[in-house]
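# let's see this in three dimensions:
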Amino acid sequence: MSDFKLHDLESAPADAKPLLQKSIDAFGMIPGLHGVMAEAPAALEGYQVLHELFQKTSFDAEELTVVWQTINVEHACHYCVPAHTAIAHMMRVDEDIITALRDETPLASEKLEALRTFTLAMVRERGNVTQDQLDAFYAAGYGQQQVLEIILGLAQKVMSNYTNHVAKTPVDEPFQKFAWEKSANKAA
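This is a model prediction of the structure:
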């Protein structure tokens, strides 16, 4: 059990209150991650800004989901995989894509699989990807803009995944039906 506080509008530091209200306005609730991050208002604000900016990238709903879930699954985030499963459903992402990402199986679309593969390389190699990896990503139809946009998504997901690991954030009720654990044979 974690001793990190899940803040609400009453308990949150003053600077976090408008940020939590923004969460309520956007999601109809305060997601547990946001409640934890409220302890450090600048962290919550940074996370919210990165989330908004990542959604403004050149990626469509499927591609956003591929980047988010590839990182969430690789980091074995017990909170973000279910949350982004729900988000993917809300964004009308194909069920086969959602399942493949959660199960770490290849995606049917070669372009989406190239995005998943390159995102995974970025995470595992901490950005030290090879020219061959870049060339394969470019050959799939992506460019330097998308490399940088993956880094933006990775920054967002590092904030949330690491916060959830350290705080052991409980999965919110609306996401519990999408509970997930990394397969033992795929655990690092």
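# can you list the domain ranges for this protein.
8-56, 60-178 (automatic domain parsing).
# for the shortest one, what is the average pLDDT?
Looking back up the chat, that one is domain 8-56. Averaged across domain 8-56, pLDDT comes to 97.
# and if you look at the last one?
Per-residue pLDDT over domain 60-178 has a mean of 97.
# next one: it to chain centre, how far?
A distance of 6 Å separates the C-alpha centroid of domain 60-178 from that of its chain, computed with C-alpha atoms, centre = their mean, to the nearest Å.
# which outside residues touch stretch 109-126?
62-63, 66-67, 70-71, 74-75, 97, 101, 106-107, 129, 133, 136-137, 139-142, 146-147, 150-151, 153-154 (C-beta atoms under 8 Å, 6 or more residues apart in numbering). In short, each C-beta sits where N, CA and C put it, glycine included.
# export it as PDB, just CAs?
Extracted in PDB, the C-alpha atoms of stretch 109-126 (Å, rounded to 0.1, in the frame of the first residue of the first chain):
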ATOM      1  CA  SER A 109      -1.200  -2.900 -40.200                       C
ATOM      2  CA  GLU A 110       2.400  -2.800 -41.300                       C
ATOM      3  CA  LYS A 111       2.500   1.000 -40.700                       C
ATOM      4  CA  LEU A 112       1.100   0.800 -37.200                       C
ATOM      5  CA  GLU A 113       3.500  -2.100 -36.400                       C
ATOM      6  CA  ALA A 114       6.400   0.000 -37.600                       C
ATOM      7  CA  LEU A 115       5.200   2.800 -35.200                       C
ATOM      8  CA  ARG A 116       4.900   0.300 -32.400                       C
ATOM      9  CA  THR A 117       8.400  -1.200 -33.100                       C
ATOM     10  CA  PHE A 118      10.000   2.200 -33.300                       C
ATOM     11  CA  THR A 119       8.300   3.500 -30.200                       C
ATOM     12  CA  LEU A 120       9.500   0.300 -28.300                       C
ATOM     13  CA  ALA A 121      13.000   0.900 -29.600                       C
ATOM     14  CA  MET A 122      12.900   4.500 -28.300                       C
ATOM     15  CA  VAL A 123      11.800   3.300 -24.900                       C
ATOM     16  CA  ARG A 124      14.300   0.400 -24.600                       C
ATOM     17  CA  GLU A 125      17.200   2.300 -26.100                       C
ATOM     18  CA  ARG A 126      16.400   5.500 -24.300                       C
END
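# any residues touching stretch 162-169, and which ones?
Contact with stretch 162-169 is made by 1-2, 4, 6, 32-33, 36-37, 43, 75, 77-80, as judged by C-beta under 8 Å, 6+ apart.
# top of the residues you listed by neighbour count?
Met37 (30 neighbours; other C-beta atoms under 10 Å).
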